[in-house]
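Asker: Please find the sequence and the predicted model below.
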Protein chains: 2
Amino acid sequence: MHQIETIISPALFHLHEEGIAHKHVVVIDILRATTTICVAFANGAREILPVASPEEAAAMQKQGWIAAAERNGETVPGFDLGNSPQDYRVETVSGRKIALTTTNGTRALQMSSAASHVWVGSFLNAQTLCDRLIDDNRDVLLFCAGWKDKFNLEDTVFAGYLASLLSEHFSITDDATLAAIDLYNLAAADLKGYLQKASHVNRFKSLHIETDLEACLKLNTLSVLPEFRSGSIQNSQYAPTQS
Amino acid sequence: MHQIETIISPALFHLHEEGIAHKHVVVIDILRATTTICVAFANGAREILPVASPEEAAAMQKQGWIAAAERNGETVPGFDLGNSPQDYRVETVSGRKIALTTTNGTRALQMSSAASHVWVGSFLNAQTLCDRLIDDNRDVLLFCAGWKDKFNLEDTVFAGYLASLLSEHFSITDDATLAAIDLYNLAAADLKGYLQKASHVNRFKSLHIETDLEACLKLNTLSVLPEFRSGSIQNSQYAPTQS
């Protein structure tokens, strides 16, 4: 049986690099990068290029890309979009390419690039993602982007949700995944209520996080499967093998 | 109100170093270093010197110290003691000085040495320790030694127990402490049963961990207060100030 392990902070990523070329990584930045990426593809975006700095996003803007930049939860002045999933509407993103830089999510994607596959995970596409992970049947790393290397509740609770969905098909022995499952089970009946106490939510109280939080906690509303490959994210259609 | 924060792995320690000279650190290595240190002092040990290598412990042995060395859960051959609290009996340790090297606990103590005070925490002396922390009324870092930088359940659950005992007197806003409290509350009714699933417990199934686990989960049986200061640990008697 293949394994699931959870990386609760980018500062612990190096402990899981051995054999990563044979593993699938799910990058998790629930508030809000990976949620926003899922919404963008569901609304017709063609490609998303994660870039390290607002300057790089601005350079792509000159070539006709949408430039999206967030720092500390706010849209960087002069950019088309920030990191709120509610801004990635069909009329804005359909058919477009987007250069995106965020505080934590972009970095986690780039750290994972040596993996066999790097998926973008959110509550919105969780079941679609799990179907694919079960089908591919390889070791899986659930990589929480955290907040500037700190542990955060929302990414860990989501890792626990994925691990719960996958638990019949994978071996789970590491303490981080066991803890994540327990935290998800505590939170499941009222995800929004539970995550209200998260430091990230309180940090963004003034930034319309209330409605963003709701948008980020919709379970399995999208069937997109964004994959990060060769430096860029595209929507990989899910087609299960015939059994 | 002063703050409690939890460091769930030594790899995250650097995020908490700012202002550490004014903070109290509780070093936590429940299975088994910090538990064993508490037992040793309760049974009359005079001093414990945490050293980085078995070679350093062996050098102290020649000067009349007890040499204690554990690697990967086992006593290193040729040493007087390993890291099992059950071996630190009165007849062995009373009046003696002990040089101790362990996989994770020793390192966490040494990392903390810039703090205002560095305490050794375990379930056995939790209430005595909390009385002191409340009395001193400074910011507190709960520092989980983990397992080779990985998150572990038993240290985090204990951090949650301490945070619960301290919650009326301190501000708790970081996600790691909130998660630790939730995990402790889940585990509280049957600590041993809950921690049976921990990877550390399973790693040591062959090493009498069953009886060690029971010895490590006795709540508030000891009133010792071991303090790490100037490179060495001594038992600081607790004397609350008169209010």
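Answerer: That came through fine. Numbers count the residues shown, from 1 in each chain, chains lettered A, B, ... in the order given.
Asker: can we go C-alpha only for contacts and neighbour counts from here?
Answerer: Noted.
Asker: For residue A:27, list each beta-bridge partner.
Answerer: residue A:120, residue A:143 (DSSP bridges).
Asker: got the residues of chain A near chain B?
Answerer: A:11-12, A:15, A:149-153, A:173-176, A:179, A:182-183, A:198-199 (Cα under 8 Å from any Cα of the partner chain).
Asker: Just the buried ones from the residues you listed?
Answerer: Buried by 16 or more other Cα atoms under 10 Å in any protein chain shown: A:11-12, A:149-153, A:174-176, A:179, A:182-183, A:198-199, out of those.
Asker: Report the two of those separated the most.
Answerer: A:174 and A:199 (25.0 Å; Cα to Cα).
Asker: So in chain A, where's the weakest helix or strand by average pLDDT?
Answerer: helix A:199-203 (a mean of 75; mean pLDDT, DSSP states H and E).
Asker: Which positions in the following helix or strand past it come out as buried?
Answerer: Sequence-wise, the next helix or strand downstream of helix A:199-203 (DSSP states H and E) is helix A:209-216. Under the neighbour-count criterion of 16+ other Cα under 10 Å, helix A:209-216 has A:209, A:212, A:213, A:215, A:216 buried.
Asker: Can you list the neighbours in contact with helix A:209-216?
Answerer: Residues outside helix A:209-216 that contact it (Cα atoms under 8 Å, 6 or more residues apart in numbering or on different chains): A:30, A:31, A:32, A:35, A:84, A:85, A:86, A:122, A:123, A:124, A:192, A:201.
Asker: at 7 Å what do you get?
Answerer: Contacts to helix A:209-216, defined as Cα atoms under 7 Å, 6 or more residues apart in numbering or on different chains, come from residues A:30, A:31, A:35, A:84, A:86, A:123, A:201.
Asker: Which of the residues you listed scores worst on pLDDT?
Answerer: By pLDDT, residue A:201 ranks lowest within these, coming in at 77.
Asker: who are the neighbours in contact with that residue?
Answerer: Counting by Cα under 7 Å, 6+ apart, residue A:201 has contacts residue A:209.
Asker: and it, how far is that from residue A:212?
Answerer: Remark: distance between residue A:201 and residue A:212 (Cα to Cα, to the nearest Å) = 10 Å.
Asker: Cross the contacts of helix A:209-216 against helices and list the overlap.
Answerer: Secondary structure of the contacts of helix A:209-216 is defined by DSSP state H; positions in helices are A:35, A:201.
Asker: how about TSV for the contacts of helix A:209-216, with distance to residue A:70 added?
Answerer: As requested, the contacts of helix A:209-216 are exported to TSV (distance: Cα to Cα, whole Å):
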residue	distance to residue A:70
A:30	14
A:31	12
A:35	14
A:84	9
A:86	14
A:123	21
A:201	16
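Asker: Show me where chain A dips below the pLDDT cut-off.
Answerer: Per-residue confidence for chain A (pLDDT under 70) gives these ranges: A:203-208, A:237-243.
Asker: okay but residue A:36 is in contact with residue A:82, surely?
Answerer: No. Using Cα atoms under 7 Å as the test, residue A:36 is too far from residue A:82 to be in contact (9.6 Å).
Asker: Would you state the helices of chain A in chain order?
Answerer: Using DSSP H, helices in chain A cover A:33-42, A:54-61, A:90-93, A:105-111, A:126-136, A:153-166, A:175-187, A:191-195, A:199-203, A:209-216.
Asker: Any chance of those helices in JSON lines with distance to residue A:143 as columns?
Answerer: Output for the helices of chain A, formatted as JSON lines (distance: least, Cα to Cα, whole Å):
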{"stretch": "helix A:33-42", "distance to residue A:143": "11"}
{"stretch": "helix A:54-61", "distance to residue A:143": "24"}
{"stretch": "helix A:90-93", "distance to residue A:143": "27"}
{"stretch": "helix A:105-111", "distance to residue A:143": "8"}
{"stretch": "helix A:126-136", "distance to residue A:143": "14"}
{"stretch": "helix A:153-166", "distance to residue A:143": "8"}
{"stretch": "helix A:175-187", "distance to residue A:143": "11"}
{"stretch": "helix A:191-195", "distance to residue A:143": "19"}
{"stretch": "helix A:199-203", "distance to residue A:143": "17"}
{"stretch": "helix A:209-216", "distance to residue A:143": "17"}
